[in-house]
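>>> Okay, sequence plus prediction incoming.
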Amino acid sequence: MDDNKKKTLVENTLFLVMILCCGIWIKNTYYLQIMTFIGINTLLALGLNMLMGYAGQVSLGHAAFYGIGAYTTAILSGTYGMSPWIALVCAVACAVFIALVVGLPTLKLSGYYLGMGTLGFGMIVNILFREWSTVTGGSSGFVGIPMLTAGSISFMSGRNYFFLVWMVVLVAIIFCRRILSSRMGRALRSIHDGENASLAVGVNTHFLKLQIFMFSAALGAIAGFLYAHFVMFISPESFGFMVSVKMVTMVVIGGMASVWGALLGASVLTLLPEVLHGFAEYEMIIFGMILMLVMIFMPQGLTRGLLDIYLHSRKKRG
Amino acid sequence: MMTDFAIPPARKNDEPAHASSFGNDNSRAMLEVCSLTKRFGGVTAQDNISFAIEPGIVCGLIGPNGAGKTTLFNMITGIYKPDSGQVIFNGRPTRKMAVYQLVKAGIARTFQHVELFGSMTLLENVLVGMHVRTRSGFWGAVTRMPWVMKEERQAREKALALLDFTGLSDYAHRPAGDLPVGRQKMAEIARALASDPRLLLLDEPAAGLNAVETDALGRLIQKVKKKGITMMLVEHDMSLAMGISDKLIVLDRGRKLAEGTPREIQNNQAVMEAYLGQG
């Protein structure tokens, strides 16, 4: 018990030190930018991981919540000149409410109904971004999203934004781990291990799945908010079906039911396109190949797979 | 008043409930099953079953395979809804209650095939069993308010005490899936007890246990009974069922064949026929 707490504290501290080191030592703005995107994607993967890895539900339209977060803040702060921080609250509230409405009927059904429901939902939302051009700017995108400031700190500089995003990631990771070690998290993990038994011991599985769906939508909206104020220009393509698929890929590659897996998956899928620049058109093929290979050789995901290889090699040596 | 629900007319072979030393009209039954019927397609899994269980007793549910014992458990726990008839628990009809509400009202169960949460530790399994008796939720988890931590501490203490009660303390921090089968069966009982049930349904608790483990199980059931928890158990091990039950209900092909004390059942002609074939 106490060992666990200590371990968590050590891991979180290490993570914080790593963030600080990266932020201070990396001078290259391009690298900082990539790292910032990794942070944003980690948030997305974290939320989806809670839903997929623990509640056992796949959302194929999670980019919609990402988009709702981005467009809500863009419209409120860009068009109406509202403070971005108030817009953030609205964005999260909006995403959570929509998740409630979408999740309420679909999560009651068993199997992959949430997957189907969210697939359609994601497409509808994307069409809305594209066609409601008077408000969203349509397919040419939304320009004029203000930059973030907090008091005298401006997040204009890449370094400050990097710190902002990764602090949010740290907080999100702490939240997720706290949830997982709590009564709610235990119930969630019990659904993962055996839904029938979970139901029979008195867990209200529908409500719990709905709650975690709303939580993952909230994380998605926060990621959308950070994305919108970072690039200051958003267009519907950034929140389309392929983005939803990419999010699912991050979770699967990183390792389901693992908080650090979300980080690893997000890093791999953000860095790969950059590394494989020459293959730009074949990006999706390579993603597919990687997904296949990881699934064949490391069905538990990269985190578990690499850990197993490490433990195995140590055993051999020892 | 629940005593108004007349027990439907006894079938020809039935021993009237009054014949047993338990069912006198003044005692308020903990569980009443009233003309319960359940069909799956053309198969009638439960045909007009009625009985009552008095508080504090151990009631054995026996019958050949396919007699409908597990179906009956699934209806009492709210997993299946009956086609007709009803289940009354502590004077309340349970038809409209969801499974988790029934657990909260005091019905807990174990499974025929062990269904522990394999990747979680035994302690965590018992803590999940306590789900309906604890209340911290999302915000509690995130903020870790003092009352949440206090609840967590108390829950852990109670879970450890339960593991001690069931003799599983040594396994508390092991993943439940790694336990030997005999221990897993006991662990399911510990998890079910964690919800502070008033009625505990045990579905073949002795299946897969060796003689020593069956013995330990019998003792555990006696200990649980001493705590005042009413139990119903499906059991194929006749010596165990006869030994610990105060009352037996015999099912055969979805019908109630007989009801009475173990001694009465042993001498019941209809039961003999069902078990040994039409002689």
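Everything's here; your move. Numbering: from 1, shown residues only, chains lettered A, B, ... in the order given.

>>> what about residue 124, how many neighbours?
You didn't pick a chain, so chain A it is. If you count neighbours by other C-beta atoms under 10 Å in any protein chain shown, A:I124 ends up with 12. The way it works is simple: take the backbone N, C-alpha and C, and place the C-beta from them, glycine included.

>>> right idea, wrong chain: chain B
Neighbour count for B:E124, taken as other C-beta under 10 Å: 24.

>>> ok, now A:M116?
The local packing of A:M116 (other C-beta under 10 Å) involves 15 other residues.

>>> Do a quick rundown of the helices in the chain.
Reading this off chain A. Residue ranges of the helices in chain A, as given by DSSP state H, are A:2-25, A:29-49, A:63-73, A:84-106, A:113-131, A:133-136, A:158-180, A:183-193, A:195-200, A:205-231, A:241-254, A:259-275, A:283-297, A:302-317.

>>> I was after chain B.
Counting by DSSP H, chain B has helices at residues B:69-76, B:99-105, B:122-129, B:138-143, B:146-165, B:181-193, B:211-226, B:238-244, B:262-266, B:269-276.

>>> among those, which is the most enclosed?
Ranked by mean neighbour count, these are led by helix B:122-129 with a mean of 28 (mean count of other C-beta atoms under 10 Å in any protein chain shown).

>>> could you give the angle of that helix to helix A:183-193?
100 degrees (axes from the mean of the first three to the mean of the last three C-alpha atoms, to 10 degrees).

>>> tell me which strands and helices helix B:122-129 is in contact with?
Judged by 3 or more C-beta pairs under 8 Å, 6 or more residues apart in numbering or on different chains; DSSP states H and E, helix B:122-129 is in contact with helix A:183-193, helix B:146-165, helix B:181-193.

>>> centroid residue for the chain?
No chain in the question, so chain A it is. For chain A, A:L44 is the residue whose C-alpha lies nearest the centre (C-alpha atoms, centre = their mean; 0.9 Å).

>>> wrong one, chain B
Centroid-nearest residue in chain B: B:L201, 0.4 Å away (criterion: C-alpha atoms, centre = their mean).

>>> Mind pulling up the pLDDT for that one?
pLDDT recorded at B:L201 is 94.

>>> Same check on B:G279?
For B:G279, the pLDDT comes out at 45.

>>> ok, now B:A10?
At B:A10, the pLDDT value in this model is 38.

>>> in the sheet, who's paired with the residue nearest to the centre of chain B?
Note on B:L201: beta-bridge partners B:R109, B:M232, judged by DSSP bridges.

>>> in the stretch 151-279 of chain B, what residue is nearest chain A?
Per C-beta to the nearest C-beta, B:S195 is where the stretch 151-279 of chain B lies closest to chain A, at 5.7 Å.

>>> Flag the shaky bits of the chain, pLDDT-wise.
Picking chain A for this. Residue ranges of chain A with pLDDT under 70: A:1-2, A:110-111, A:280, A:318.

>>> look at chain B instead
Applying pLDDT under 70 to chain B flags residues B:1-27, B:276-279.

>>> How about the residues of it by chain A?
Within chain B, the positions adjacent to chain A are B:77, B:79, B:98-100, B:103-104, B:108-109, B:111, B:115-120, B:124-125, B:127-129, B:131-132, B:134, B:136-138, B:140-142, B:144, B:148, B:151-152, B:155-156, B:191-192, B:194-195 by C-beta under 8 Å from any C-beta of the partner chain.

>>> which residues does residue 126 contact?
You didn't say which chain, so I picked chain A. Applying C-beta atoms under 8 Å, 6 or more residues apart in numbering or on different chains, we find A:N126 in contact with A:A63, A:A64, A:G67, A:P236, A:F239, A:G240, A:F241.

>>> ah, I was thinking of chain B
Neighbouring residues of B:V126 by C-beta under 8 Å, 6+ apart: B:A159, B:L162, B:L163, B:A187, B:A190, B:R191, B:A194.

>>> Does A:H192 touch A:Q57 like I think?
No. Contact criterion C-beta atoms under 8 Å: A:H192 and A:Q57 do not qualify, at 10.5 Å.

>>> the more surrounded of these two?
A:Q57 (25 against 18).

>>> Next one: the closest residue to that one other than its chain neighbours from B:G243, what distance?
Excluding the flanking residues, the one nearest A:Q57 by C-beta to C-beta, 6 or more residues apart in numbering or on different chains is A:L114, at 4.6 Å. Applying C-beta to C-beta, to the nearest Å, the value for A:L114 to B:G243 is 49 Å.

>>> Equivalent analysis for B:P262, please.
8 Å.

>>> same thing with A:H277?
The spacing between A:H277 and B:G243, counted by C-beta to C-beta, is 76 Å.

>>> Write out the residues of the stretch 51-200 of chain A neighbouring chain B.
The stretch 51-200 of chain A has residues A:175, A:178-179, A:181-187, A:189-190, A:192-194, A:196-200 near chain B, with proximity defined as C-beta under 8 Å from any C-beta.

>>> how about a cut-off of 6 Å?
Applying C-beta under 6 Å from any C-beta of the partner chain, we find that the stretch 51-200 of chain A lies next to chain B at A:175, A:178-179, A:182-184, A:186-187, A:189-190, A:193-194, A:197, A:199-200.

>>> Any idea how many residues pack against residue 66?
Picked chain A for this. Neighbourhood size, A:Y66 [other C-beta under 10 Å]: 33.

>>> my bad, chain B
There are 14 residues near B:G66, going by other C-beta under 10 Å.

>>> To what extent is the closest residue to it other than its chain neighbours buried, counted in neighbours?
Spatial nearest neighbour of B:G66, chain neighbours left out: B:R253 (7.1 Å); criterion: C-beta to C-beta, 6+ apart. Using other C-beta under 10 Å, the number of residues around B:R253 comes to 15.

>>> And for B:P175?
16.

>>> Could you do A:L76 as well?
For A:L76, the count of nearby residues is 20 (other C-beta under 10 Å).

>>> That one contacts A:I86, correct?
No. With contact defined as C-beta atoms under 6 Å, A:L76 does not count as touching A:I86 (7.4 Å).
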